[in-house]
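[1] Starting from these lines, generate the structure:
(chains A, B, C and D)
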There are 2 protein chains.
Amino acid sequence: MSVAVINYHHRMSRWQPDAQGRLAQAALELYVERGYEQTTVAEIASRAGLTERTFFRYFTDKREVLFSGSRALQELMVSTVTDAPNSLRPIDAVAIGLEAMVSLLQERREHSLRRQAAIVANVELRERELIKLAALATSLAGALRARGVGDLAANLTAEAGIAVFKIAFERWIDPTNERGFSELIRESLAELKAVTAERA
Amino acid sequence: MSVAVINYHHRMSRWQPDAQGRLAQAALELYVERGYEQTTVAEIASRAGLTERTFFRYFTDKREVLFSGSRALQELMVSTVTDAPNSLRPIDAVAIGLEAMVSLLQERREHSLRRQAAIVANVELRERELIKLAALATSLAGALRARGVGDLAANLTAEAGIAVFKIAFERWIDPTNERGFSELIRESLAELKAVTAERA
DNA sequence: ACGGCCTATGTCAGTAACTGTCATCACCGT
DNA sequence: ACGGTGATGACAGTTACTGACATAGGCCGT
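    All right, here's what the predicted structure looks like:
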């Protein structure tokens, strides 16, 4: 159990700061400690020093509390792809976008590991993760279309990129893994190119 | 006389037949008519002439009622890939598996259309659909490993195959579409090979 | 300094998804 | 005839989530 750090500025505000962050941290702790299903929203709120009602003001549901960071990831990816040199082929623009996400995640591997442990332990959380990845693919395809890529090619390149990300992430998060995320991304992308190559 | 049992009224068994099917049909109708969220399980059960409790004996939750067919689809795909000639490369074995699923779906395009309309209209249902596809990818990867394909190649080929299926299905289900599912699968797979090709 | 507004939070009641438990009762084999 | 079986109903309980209203410290204009 950890306690939220209270910052005393020159004046006390009415409430402890960062209610949303305290809720997210309390939720992750409890999901890891005793599992998602065995945790009630009331318990999360209580550990954060808040009430259940306030939890639902910050998060649309009990699952979303683990996914508030996905928006930043998505925006980073889209802007990276959008700003990539026009000379790059779609698949290479996507590769650059993946690398950008990697650097965001690699700094917090410990956190990613705990979070992923909670997610893989529960089906509802995995469903939510999948739809976040699908949203990522959709916006990625949009970024590709904005580069002039055709609709079908954009969708397929985006889906392929997300597949590479998913598999590389799985391998990176494996506790026995020692390799860098970026290396795993490149390896997975190379393997995808190999298995889809026209001729052996 | 035992044969005379037929007289009286018509021969009634204690319950109306196919409770599960009646529930599934009632649910689809209601989800399409007034939307998933605006439909209660009690209403579904009532339309099927049953009670809410019985609904949850056949389906684990309110979403699953639209996905009872996915197991058959998965088994068909796995057995097709498993039985495919050993000479085929992984990606071609997957292509054959996709074609097998296609023939199952193509016979019931009307039903698929109504079902998909309900699914795309609701996020929770889309989450459920995504995890079914993910399960499909997982078992597909298993079938590839059984063919001697390496772990990384199996996972990536499976994910790529499911991506092709998703995108071809989207296009096939589009009301303005006139083309065959099989043709769309082949087109999508060809486009995937094109966008991942090593050199332009 | 005063008063009023702003806003994050609390309180409370309500709905509906889902679960556990026990009751029912036609059917079936012996 | 009779007891077991299996599908269903009845009912109470938990919890995720929502809407409406209350509260109270901080802020701002006067």
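[2] going forward, measure contacts and count neighbours with C-alpha atoms only.
    Noted.
[3] what stretches of chain A score poorly on pLDDT?
    Chain A contains residues with pLDDT under 70 at A:1-12, A:200.
[4] residues in contact with the most centrally placed residue in it?
    Closest to where the C-alpha atoms of chain A average out (CA atoms, centre = their mean) is A:Ser70, at 4.5 Å. Applying CA atoms under 8 Å, 6 or more residues apart in numbering or on different chains, we find A:Ser70 in contact with A:Lys132.
[5] Chain A: helices as residue ranges?
    Using DSSP state H, the helices of chain A run over residues A:19-34, A:41-47, A:52-58, A:70-83, A:90-106, A:109-120, A:123-146, A:151-173, A:181-195.
[6] Pull up the residues of chain A that are close to DNA strand D.
    Proximity of chain A to DNA strand D, by CA under 7 Å from any atom of the strand, involves residues A:12-14, A:37, A:39-42, A:53, A:56, A:60-63.
[7] Just the buried ones from those?
    By neighbour count, with 16 or more other CA atoms under 10 Å in any protein chain shown, those hold A:39, A:41, A:62-63 as buried.
[8] Tell me how many other residues surround the nearest residue to A:Ile91 once chain neighbours are set aside.
    Counting by CA to CA, 6 or more residues apart in numbering or on different chains, the nearest residue to A:Ile91 once its immediate chain neighbours are dropped is A:Thr157, at 6.1 Å. Using other CA atoms under 10 Å in any protein chain shown, A:Thr157 is surrounded by 29 other residues.
[9] list the contacts for A:Thr157?
    Counting by CA under 8 Å, 6+ apart, A:Thr157 touches A:90-91, A:94, A:141, B:192, B:195-196.
[10] Name the nearest residue to A:Glu99, ignoring sequence neighbours.
    The nearest residue in space to A:Glu99 (CA to CA, 6+ apart) is A:Ser182, at 6.3 Å.
[11] what separates that neighbour from A:Arg108, distance-wise?
    14 Å (CA to CA, to the nearest Å).
[12] Looking at those two, which has the bigger crowd around it?
    A:Ser182 (19 against 10).
[13] wouldn't that one be in contact with A:Met101 here?
    No - contact criterion CA atoms under 8 Å: A:Ser182 and A:Met101 do not qualify, at 9.6 Å.
[14] For chain A, which residues are neighbours of chain B?
    Applying CA under 8 Å from any CA of the partner chain, we find that chain A lies next to chain B at A:90-91, A:126-128, A:130-131, A:152-153, A:155-157, A:159-160, A:163-164, A:167, A:188, A:191-193, A:195-198.
[15] Any of those residues buried? List them.
    Those of the residues of chain A next to chain B that meet the buried threshold are A:90-91, A:126-128, A:130-131, A:152-153, A:155-157, A:159-160, A:163-164, A:167, A:188, A:191-193, A:195-197, by 16+ other CA under 10 Å.
[16] follow-up on the earlier one: just flag the most distant two among the residues of chain A next to DNA strand D.
    Greatest spacing in those, by CA to CA: A:Met12 and A:Glu37 (36.5 Å).
[17] What residues does the residue nearest to A:Ala160 when sequence neighbours are not counted make contact with?
    Spatial nearest neighbour of A:Ala160, excluding adjacent residues (CA to CA, 6+ apart): B:Ala160 at 6.3 Å. Counting by CA under 8 Å, 6+ apart, B:Ala160 makes contact with A:159-160, A:163.
[18] what do you get for A:Val102?
    Contacts here follow CA under 8 Å, 6+ apart; on that basis A:Val102 touches A:181-182.
[19] Same check on the one 5 residues further on?
    A:Glu107 makes contact with no residue under the criterion CA under 8 Å, 6+ apart.
[20] repeat for the one 5 residues further on
    Contacts of A:Ser112 were listed using CA under 8 Å, 6+ apart, and they are A:105, A:173.
[21] Could you do A:Glu127 as well?
    Contacts here follow CA under 8 Å, 6+ apart; on that basis A:Glu127 touches B:127-128, B:130-131.
[22] picking that back up, now distance to B:Ala19 too, for the helices of chain A, in a markdown table please.
    Listed next are the helices of chain A as a markdown table, based on distance: least, CA to CA, whole Å:
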| stretch | distance to B:Ala19 |
| --- | --- |
| helix A:19-34 | 37 |
| helix A:41-47 | 35 |
| helix A:52-58 | 37 |
| helix A:70-83 | 42 |
| helix A:90-106 | 48 |
| helix A:109-120 | 34 |
| helix A:123-146 | 27 |
| helix A:151-173 | 39 |
| helix A:181-195 | 45 |
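[23] right, and those helices - which one's nearest B:Asp174?
    The nearest among those, by CA to CA, is helix A:151-173 at 14.1 Å.
[24] Could you figure out how far that closest one is turned away from helix A:90-106?
    On the basis of axes from the mean of the first three to the mean of the last three CA atoms, to 10 degrees, helix A:151-173 is oriented at 30 degrees to helix A:90-106.
[25] Near DNA strand C, which residues of chain A are found?
    Counting by CA under 7 Å from any atom of the strand, chain A sits next to DNA strand C at A:15-19, A:49-54.
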